[in-house]
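In: When you get a sec, could you give me coordinates for this:
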Amino acid sequence: MRTLIEIVQSIHTDQWEQRHANGEVPDMKPYGLNKLVNHGITPVWPDREDGLASLAARVAAKLTSVRCLESWNMPINTIEARLCWDERTGIPAAMDPRTYGLPVVSGVIWATTPGASFRSRALLKNAFHSPRHALFVLSQAQLASLRNMTIADVEYIPFGIDADFWKPTELSLTCKRLVVSAGNDRHRDFDTLIQAVLCSNSKNHLAIATSMPILGNERLQVGSLSHLGLRGLYGQARVVAVATKRNDHCSGITAVLEAMACGRPVVASAQPGMDDYIKHGVNGLLVPPGDIEALSKAINSLLDDPDRAEQMGVAGAQQVRNRFTTEHMVSKLADLLWKVAA
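Out: Sure thing, here's the model as predicted:
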């Protein structure tokens, strides 16, 4: 089944396949979607457009919270289905007149989050009113909201990462109390994290891989990193902590699974759906969102007990390889595609 893959492409995804061949990024294609070929599905990737298409994408994103499709001028008469990573491409794909009669499978990330715009919810409801389409989420907490919003099939598909790229490395001894975090989305709660780490113990250090404008100091390292750079930073971490603001789509799950795959103990905000991935006290710790004291206590308990931290890191790495790889995720996406195409 020839399936057109729609993701929001950018400079970040340019020449991904070549960069993967050079060992610079995980998976041959973003999110490991190239592995659909192992399940009888031929992924078709549109070329990234410049000029008018880029301008149209910016205007569309500003006005509607969705994106101009990379496949806007691409013939799709040989396409049998469309797979969209999230609603920014899923909504325009489902509403594309050329899609009439074709199944569209789309992820949903932001539309169910408290505070999501009415416009994005209305567009999603209008686009996915057909049983020929399907939606998937990475957090079970999103299911009820979406099932009330659309008549399309909605399924939970656990997120996955490339466990061959994100793998345990020998722990660096540069800093015995280094906490690491990563992320750029608007639901990151770096203010709470910084207070929890740096105000609780004068020996603690914090490194945050982000492009957000955070002022660093001698105990706070801030900067954007490549995938290789981030993997190296995980290798220095005693604990990886991901603090987030209220959401239901598991913001931060990418960093959580990457760190777990690298054998690092994780502490995360107990947002709805996060317990799909972290079993409290087994492969990580969950704390109430926005609770500086609870976050500080959890992080310091692992810094003070290296043996317990190591046990959690080992359990996390095993959990990822058993359930949360891109192979597992893509297999379930393929099942959903075949289901709606039947």
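
In: in the stretch 1-150 of the chain, which spans are helices?
Out: All helices of the stretch 1-150 of the chain, identified by DSSP state H, counting those that start in this stretch, fall at 16-21, 52-64, 87-95, 118-127, 143-149.

In: Single out the most deeply packed of the ones you listed.
Out: helix 87-95 (a mean of 25; mean count of other C-beta atoms under 10 Å). C-beta coordinates here come from the backbone N, C-alpha and C atoms, glycine included.

In: need the least confident one among the helices of the stretch 1-150 of the chain, by mean pLDDT.
Out: With a mean of 50, helix 52-64 has the lowest mean pLDDT of those.

In: Mind putting the helices of the stretch 1-150 of the chain into TSV with distance to I278?
Out: Formatted as TSV, the helices of the stretch 1-150 of the chain follow (distance: least, C-beta to C-beta, whole Å):
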stretch	distance to I278
helix 16-21	28
helix 52-64	32
helix 87-95	25
helix 118-127	28
helix 143-149	19
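
In: Looking at the ones you listed, spot the one closest to L215.
Out: When the helices of the stretch 1-150 of the chain are compared by C-beta to C-beta, helix 52-64 sits nearest L215, at 28.9 Å.

In: what residue ranges in the stretch 151-300 of the chain are flagged as low confidence?
Out: Within the stretch 151-300 of the chain, the ranges that satisfy pLDDT under 70 run 172-173.

In: now the helices for it?
Out: Under DSSP H, counting those that start in this stretch, the stretch 151-300 of the chain gives helices at 190-198, 227-234, 253-261, 292-303.

In: Name the stretch among those helices that sits most buried.
Out: Taking mean count of other C-beta under 10 Å, helix 253-261 is the most buried of the helices of the stretch 151-300 of the chain, at a mean of 26.

In: what angle sits between that one and helix 227-234?
Out: Computed with axes from the mean of the first three to the mean of the last three C-alpha atoms, to 10 degrees, the direction of helix 253-261 lies at 60 degrees from that of helix 227-234.

In: by contact count, what packs against helix 253-261?
Out: Contact partners of helix 253-261 among helices and strands, from 3 or more C-beta pairs under 8 Å, 6 or more residues apart in numbering; DSSP states H and E: strand 178-182, helix 227-234, strand 239-242, strand 266-269, helix 306-323.

In: and those as TSV, adding distance to Y277?
Out: Formatted as TSV, the helices and strands packed on helix 253-261 follow (distance: least, C-beta to C-beta, whole Å):
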stretch	distance to Y277
strand 178-182	16
helix 227-234	17
strand 239-242	11
strand 266-269	9
helix 306-323	8
